[in-house]
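**Student:** what follows is a predicted protein model with its sequence.
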Amino acid sequence: MMTEAELIEIMGQLQHEVLRRWIDHGWVRPELVDGAAQFDASDVARVRLICELHYELRIEEDSLPVMLSLMDQLYSVRQSMRKLLSAVEAQPEDVRKRIATLMQTQTRS
């Protein structure tokens, strides 16, 4: 876990007011411990992503909710695909071959 001050320090150009605004918008959801925000690894990654989108790619804050929503959806789909792949891999060889054949057939049409 990391404090707000530690997070600001490692992010460089990020300012406290901006981070607090992102938290108020719900783009980052740190855990509150004794009234102070504590950021776990996923929070830090999320802040790093938002910083990259905003500061490096110059995406305006008004557009960030759309970008973050799309990225969250993509992440969710990737998680579902991993679970599906794991379930398919757990099947007997003949079932996996039938699934592969069906996928090839559907890809062609």
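**Tutor:** Structure received. Numbering: from 1, shown residues only.
**Student:** use CA for all of it now, contacts and neighbours both
**Tutor:** Fine.
**Student:** what helices or strands is the helix or strand harbouring Ala45 leaning on?
**Tutor:** In the assignment (DSSP states H and E), Ala45 maps to helix 41-51. Other elements packing on helix 41-51 under the criterion 3 or more CA pairs under 8 Å, 6 or more residues apart in numbering; DSSP states H and E are helix 4-11.
**Student:** just want the angle from the helix it packs on to helix 41-51.
**Tutor:** Interaxial angle of helix 4-11 relative to helix 41-51 (axes from the mean of the first three to the mean of the last three CA atoms, to 10 degrees): 50 degrees.
**Student:** now do the buried residues in helix 4-11.
**Tutor:** Neighbour counts over helix 4-11 (16 or more other CA atoms under 10 Å) mark 4, 7-8 as buried.
**Student:** tell me which strands and helices that helix is in contact with?
**Tutor:** helix 16-25, strand 36-39, helix 41-51.
**Student:** picking that back up, now the helix holding Ala45, how far from the centre of its chain.
**Tutor:** 8 Å (CA atoms, centre = their mean, to the nearest Å).
**Student:** just the buried residues of the helix or strand Arg82 falls within, please?
**Tutor:** According to DSSP H and E, Arg82 maps onto helix 64-89. For helix 64-89, burial by neighbour count (16+ other CA under 10 Å) applies to 64, 68.
**Student:** now that helix, how far from the centre of its chain.
**Tutor:** For helix 64-89 - counting by CA atoms, centre = their mean - the centre lies 9 Å from the chain centre.
**Student:** now swap in stretch 96-106 and tell me
**Tutor:** Distance, stretch centre to chain centre, for stretch 96-106: 31 Å (CA atoms, centre = their mean).
**Student:** okay, that stretch in PDB with CA atoms only?
**Tutor:** Provided in PDB are the C-alpha atoms of stretch 96-106 (Å, rounded to 0.1, in the frame of the first residue of the first chain):
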ATOM      1  CA  ARG A  96     -11.100 -29.200 -27.800                       C
ATOM      2  CA  LYS A  97     -10.800 -30.400 -31.500                       C
ATOM      3  CA  ARG A  98     -14.500 -29.900 -32.100                       C
ATOM      4  CA  ILE A  99     -14.300 -26.400 -30.600                       C
ATOM      5  CA  ALA A 100     -11.300 -25.500 -32.800                       C
ATOM      6  CA  THR A 101     -13.100 -26.800 -35.900                       C
ATOM      7  CA  LEU A 102     -16.200 -24.800 -35.100                       C
ATOM      8  CA  MET A 103     -14.100 -21.700 -34.600                       C
ATOM      9  CA  GLN A 104     -12.400 -22.200 -37.900                       C
ATOM     10  CA  THR A 105     -15.700 -22.700 -39.700                       C
ATOM     11  CA  GLN A 106     -17.200 -19.500 -38.100                       C
END
